[in-house]
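Q: My questions concern the predicted model and sequence given below.
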Amino acid sequence: MLNLDGLTRYYGSFPALEDLTLTVEDGCLHGFVGPNGAGKTTTMRILATLLKPTRGSAQVDGVDVVQNGHEARKHIGYMPDFFGVYDNLTCEEYLDFYARCYRLAARDRKRMAAQLLELVQLEDKRETYVDSLSRGMKQRLCLARSLIHDPSLLILDEPASGMDPRARADMKGILRTLREMGKTVLISSHILPELSEMCDSLTILDHGHLVFSGTVEALADKMNGNAPLDIRLREGCGEAAVENAVSCLKEIPFVTEILQPEPFLLRVRLEGGEEESGRLLQEMIRRETPVCDFHRAPMNLEKVFMEVTGDA
Amino acid sequence: MLNPILSFSATRRMRSLKTMLILLAYVAVMLLIAARILFPLLRGQASIGALSSSTTCYAVLIAVQFVLLVLIAPAMTSGAIAGERERQTLELLLVTNTRSFRLVLGKAMESFAMLAMLVVAGFPVMCLTLLTGGVTLGGLLAGELFLLASAFAAVSAGILASSLCRSTVVSGVLSYLLILGIGAVTALPMLFDFPESVTDVIYNRGRLAALTSAESLRMISPVLLCNPGYALAALLQGQLHLFDDYMQYQGVGRLLCEFRLMDKAGGVTIALISSGLIVLIGLVLLALAAAAVRTMSRKPARSGGK
């Protein structure tokens, strides 16, 4: 289990991360989303013991990452947003080297390397030099490297960046397998839809602050409360009827915005929730506007992301 | 378990053509110098003059090797840590269970092993000086030990510079400056005269003769003993009495005093003690490098951290 408590990091006087408190359950695929500079990489680097927080604590499987970094590293696999590969080394030697750095016994090193090369579908590249691999293959090899010591928590910083759709699909498949193996995976991206497809839960960061943390469904529910209302009028009801509907809406005090994306479709934003939208419908019927459909406009995840991070 | 950084870096280095070329060039330079001994012997011209030039050749071989090793070490180590930073592989090492000291020790040992290989490859050429006498096998081994100690300190200075810099080029420049700095600082006592009481002893042949080796050794500044140049001079004086002509002059001051003390204390002994101190300096530099590796990695790059 991963526990962050009041995690804060300043670069000089610049707050890269402020008071982040978060819990991620075992075996969960947790997405970390936010625009550039949101604090995702800072959080991940603190968890990987590469950075000390200004204050706050982080625990992985009960081991404090800040106080006991050496022990915590046994539980953490880290894959940054760059490859970090050597020339003059084969894939098997590359994995063997990192296995040695984690002090694995010779027998375990060979077994783990073989299993991981199979997991990341590179078993036929054992003897191939690392620098001759394609970008997607290097990425998968780096994933294998981060798993070489069988960590319980895997930290992946933008693992799919720069990959083609095929390679992305392969990576998603591997991540699903890891979840089935019971690994806790923390994965960052600035593309919310990409993560929502595979993650059990999400954390959205913006300017170093926690904006949302919960399941994808909870996020959608939360955002749908703020979604605009789509009011469709009967086709061919005439311009006068549409103008009447618009003037009716303008008289309702809690309506904040009226748009007309189509000739017989009005998109309305209002302050309040279900009660206000009910009152709005009652008023429109009382004024005999020809309403034939009335519902909240569905929010796609891209819009949710923009709404949540305040850039809509 | 063998240090993984050492075995891994050595594997990569030995697969590089550059390594073979360096080895070849090093031995070629040694053979060129040694040709001066070989040719007269091969022609059957083993005269007294030839024997004398053989001892000079030994001195040149030791001095040239010393200079080559000190020049090669920074070039070899400048990329040890800075190169890992440039390749973005350092962080991947720091998140493993390899501690910083093990990391820098592995890197240092790998570079040192390469330099030691050069010294070992040059040893048969050095042994040619044994053919004509004037140098003993023990003296030769003491010389090799001194070269290895100097190489280790130069490697350590290079590793420290490499752990402080983000670029290999800057690290290389800093390495040379660091080595020059250490050489200059440890040579500082040469700028000052001995106290009058000490010079009185040194200039009075009777009183100097009455001194024991240990007493004369204690008169030498410990700072100066850490200077590889001083150790080299002591070694050559101890083995070949290379500076005897120079010691005939009077009123040369500190330098003359040092040569007389070297003679009295035993040049080879001084070189061996110096070698030990030089290795100690190397270890201190490595400890500093280990501290610098993680500290530098925690600093955001100049482009700004995310």
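A: In hand now; what should we look at?
Q: mind listing what residue 19 touches?
A: With no chain named, the answer covers chain A. A:D19 is in contact with A:6-8, A:56, A:209-210, counting by CB atoms under 8 Å, 6 or more residues apart in numbering or on different chains. All C-beta atoms are positioned from the backbone trio N, CA, C, and that covers glycine.
Q: my bad, the chain I had in mind was chain B
A: Going by CB under 8 Å, 6+ apart, B:T19 touches B:13, B:114.
Q: lowest-confidence helix or strand of chain B?
A: helix B:244-247 (a mean of 72; mean pLDDT, DSSP states H and E).
Q: Can I get the helix or strand following it in CSV? Just the C-alpha atoms.
A: Next in sequence after helix B:244-247, counting helices and strands by DSSP states H and E, comes helix B:254-265. Extracted in CSV, the C-alpha atoms of helix B:254-265 (Å, rounded to 0.1, in the frame of the first residue of the first chain):
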residue,chain,number,x,y,z
ARG,B,254,65.4,23.9,0.5
LEU,B,255,65.8,21.6,-2.6
LEU,B,256,69.3,20.6,-1.6
CYS,B,257,68.1,19.9,2.0
GLU,B,258,65.3,17.7,0.7
PHE,B,259,67.7,15.7,-1.5
ARG,B,260,70.1,15.2,1.5
LEU,B,261,67.1,14.1,3.7
MET,B,262,65.9,11.7,0.9
ASP,B,263,69.4,10.2,0.8
LYS,B,264,69.5,9.8,4.6
ALA,B,265,65.9,8.5,5.0
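Q: re earlier: tell me which two of the contacts of A:D19 sit farthest apart.
A: Using CB to CB, the pair of the contacts of A:D19 lying farthest apart is A:G56 and A:H209, separated by 13.5 Å.
Q: Those two - which one has more neighbours?
A: Neighbour totals were compared for A:G56 and A:H209, and A:G56 leads with 18 against 15 (other CB atoms under 10 Å in any protein chain shown).
Q: Run through the stretch 151-300 of chain B and note the low-pLDDT ranges.
A: B:247-252, B:297-300 (pLDDT under 70).
Q: Run through the residues of the stretch 101-250 of chain A sitting next to chain B.
A: With CB under 8 Å from any CB of the partner chain as the criterion, the stretch 101-250 of chain A meets chain B at residues A:101-103, A:145, A:149.
Q: Show me those residues that map onto strands.
A: Cross-referencing those against strands under DSSP state E gives no overlap.
Q: just the buried members of those residues?
A: Buried members of those, counted by 16 or more other CB atoms under 10 Å in any protein chain shown: A:101-102, A:145, A:149.
Q: What is the nearest of the residues of the stretch 101-250 of chain A next to chain B to chain B?
A: For those, the closest approach to chain B (CB to the nearest CB) belongs to A:C101, at 3.8 Å.
Q: Identify the residues contacting the closest one.
A: Contacts of A:C101 (CB under 8 Å, 6+ apart): B:4-5, B:93, B:96-98.
Q: Now distance to chain A, pLDDT and secondary structure too, for those, in TSV please.
A: Below are the contacts of A:C101 laid out as TSV (distance: CB to the nearest CB, whole Å; pLDDT from 0 to 100; DSSP: H, G, I helix; E, B strand; the rest coil):
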residue	distance to chain A	pLDDT	secondary structure
B:P4	3	88	helix
B:I5	8	89	helix
B:L93	6	91	helix
B:T96	4	91	coil
B:N97	5	85	coil
B:T98	5	87	coil
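Q: Could you dump those residues into TSV with neighbour count added?
A: As requested, these are exported to TSV (neighbours: other CB atoms under 10 Å in any protein chain shown):
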residue	neighbour count
B:P4	22
B:I5	24
B:L93	22
B:T96	23
B:N97	14
B:T98	21
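Q: among these, which two are most distant?
A: Spatial extent of these (CB to CB) is set by the pair B:I5 and B:N97 at 12.4 Å.
Q: Sketch out the helices for the stretch 201-312 of chain A, chain order is fine.
A: A:216-224, A:239-251, A:274-286, A:301-308 (DSSP state H, counting those that start in this stretch).
Q: now those helices in a markdown table, with mean neighbour count, distance to B:A265 and mean pLDDT?
A: What follows is the helices of the stretch 201-312 of chain A, written out as a markdown table (neighbours: other CB atoms under 10 Å in any protein chain shown; distance: least, CB to CB, whole Å; pLDDT from 0 to 100):
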| stretch | mean neighbour count | distance to B:A265 | mean pLDDT |
| --- | --- | --- | --- |
| helix A:216-224 | 15 | 80 | 72 |
| helix A:239-251 | 14 | 104 | 88 |
| helix A:274-286 | 14 | 97 | 86 |
| helix A:301-308 | 19 | 77 | 68 |
